[in-house]
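J.: quick one: sequence and predicted model below, then my questions.
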Amino acid sequence: MSVLSQAPSTPSPGTPPQDEPPPAHTRRNPLTGLRRANPLGAVGGLLWLVIVLVPVYWVLVTSLRTREGFFDANPLSVPSHPTLDNYRQVLDNGFTHYLLNSTLVTVGATLLTVVVSLLAAYAIVRGTSRALRWAFSVFLLGLAIPLQATIIPVYYLIAKAQMYDTLGAIVLPSAAFAIPLTVIILVNFLRDIPDELYESMRADGAGHWRMLWSLALPLSRPALITVVIYDALNVWNGFLFPLILTQSPDKRTLPLFVWSFQGEFTINVPAILAAVVLSTLPILVLYVLGRRQLIGGLTAGFGK
């Protein structure tokens with residue numbers, strides 16, 4: 001008879017309760033104390049690691065080749081005579097200026113998004129009016145609106161505000177489309193703060209601004225780190241808004257710079273990949289430093 005079909009036995013009076021056996025996937029070897037090996041999972045993980053690392057390796061080694069060596073050598077072989085001329089060529093084409101533009105746009109949009117979203121999330125969580133509950137539904141609705149469907153109204157508004165061809169024309173729409181998801185993440189975190197903490201601060205005479213600054217802000221730090229990294233990644237990689245809302249070459253961000261650089265050096269693939277590497281490094285460093293907070297924040301906010 002199958003184990004699943006057997007009825008659980010009832011312990012007799014006076015018999016101490018026995019612990020149930022752990023699930024099969026968490027059982028340990030009684031001799032070594034180690035969990036059982038999962039060869040299939042190990043092979044799958046190794047295969048996925050190869051799929052991810054091979055393109056990255058190819059981009060790096062190709063950016064160190066000469067243009068002639070790109071057509072002659074094996075694509076995955078280490079270059080016999082590596083060179084940094086491709087990186088010098090990228091830097092000589094105004095890379096630092098476009099890096100500064102992207103940094104200003106990313107910092108401005110992310111800061112605006114976090115400030116507005118934190119205030120909105122606190123009002124939704126601590127507010128009692130029906131209008132605030134409807135406001136949360138509006139933010140949820142914002143997730144269903146694709147960015148591409150609103151590019152014409154956004155262009156019209158930016159032009160009417162006389163902000164076309166400025167960095168501010170990129171900052172405002174980028175922040176607007178990042179606010180809905182940011183509010184939802186922060187709302188889930190702020191709802192997990194016990195009401196007793198708010199009531200104790202209110203009993204001490206603290207107002208909403210004091211509770212926001214001294215209680216909600218410190219306790220929502222994991223969520224804030226999560227949304228900062230997530231929003232910064234999206235703004236840094238944004239292409240449509242800089243393409244539509246700017247025109248002057250000196251207002252370009254790094255995605256537009258790489259796009260124009262590719263059109264100018266079409267046959268020089270190593271130089272194009274050098275531009276890709278340089279434009280990826282800053283945001284990659286930010287992701288590596290905060291990846292644990294990003295993953296933990298996204299899962300904890302919805303799992304509590």
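T.: Received the coordinates, thanks. Computed from a prediction, not measured in an experiment: that's the story for all the values here.
J.: ok, the spatially most central residue of the chain to Trp58 distance?
T.: In the chain, the centroid-proximal residue (CA atoms, centre = their mean) is Tyr230; its distance is 2.6 Å. Tyr230 sits at a distance of 28 Å from Trp58 (criterion: CB to CB, to the nearest Å). All C-beta spots, glycine's among them, are computed from the backbone N, C-alpha and C.
J.: and if you look at Ala135?
T.: Taken as CB to CB, the span from Ala135 to Trp58 is 48 Å.
J.: residues near Leu278, how many?
T.: Neighbour count for Leu278, taken as other CB atoms under 10 Å: 21.
J.: just Ala203 next, same as before
T.: Residues near Ala203, counting by other CB under 10 Å: 8.
J.: equivalent analysis for Ala149, please.
T.: Ala149, neighbours per other CB under 10 Å, totals 8.
J.: name the helix or strand for Leu284, please.
T.: Using DSSP states H and E, Leu284 sits in helix 269-303.
J.: give me the mean pLDDT for that helix.
T.: In this model, helix 269-303 carries a mean pLDDT of 75.
J.: do the same with stretch 100-109
T.: Mean predicted confidence for stretch 100-109 is 94.
J.: buried residues in that stretch, which are they?
T.: The neighbour-count check on stretch 100-109 (16 or more other CB atoms under 10 Å) flags Asn101, Ser102, Val105, Thr106, Gly108, Ala109 as buried.
J.: sorry, back to before: check what pLDDT the residue nearest to the centre of the chain gets.
T.: 87.
J.: sticking with it, tell me its helix or strand.
T.: Counting by DSSP H and E, Tyr230 is found in helix 221-236.
J.: what comes up buried for that helix?
T.: Buried, per 16+ other CB under 10 Å, within helix 221-236: 222-236.
J.: can you tell me which of those is closest to Phe177?
T.: Asn234 (8.4 Å; CB to CB).
J.: I'd guessed that closest one sits against Ala178; true?
T.: Yes: at 6.4 Å, Asn234 counts as touching Ala178 under the criterion of CB atoms under 8 Å.
J.: between the two, which contacts overlap?
T.: Both Asn234 and Ala178 lack any common contact, where contact means CB atoms under 8 Å, 6 or more residues apart in numbering.
J.: residue ranges with poor pLDDT in the stretch 1-150 of the chain?
T.: Within the stretch 1-150 of the chain, the ranges that satisfy pLDDT under 70 run 1-35.
J.: one more pass at 50, please.
T.: Across the stretch 1-150 of the chain, residues meeting the criterion (pLDDT under 50) sit at 1-10, 12-14, 16, 25-26, 31.
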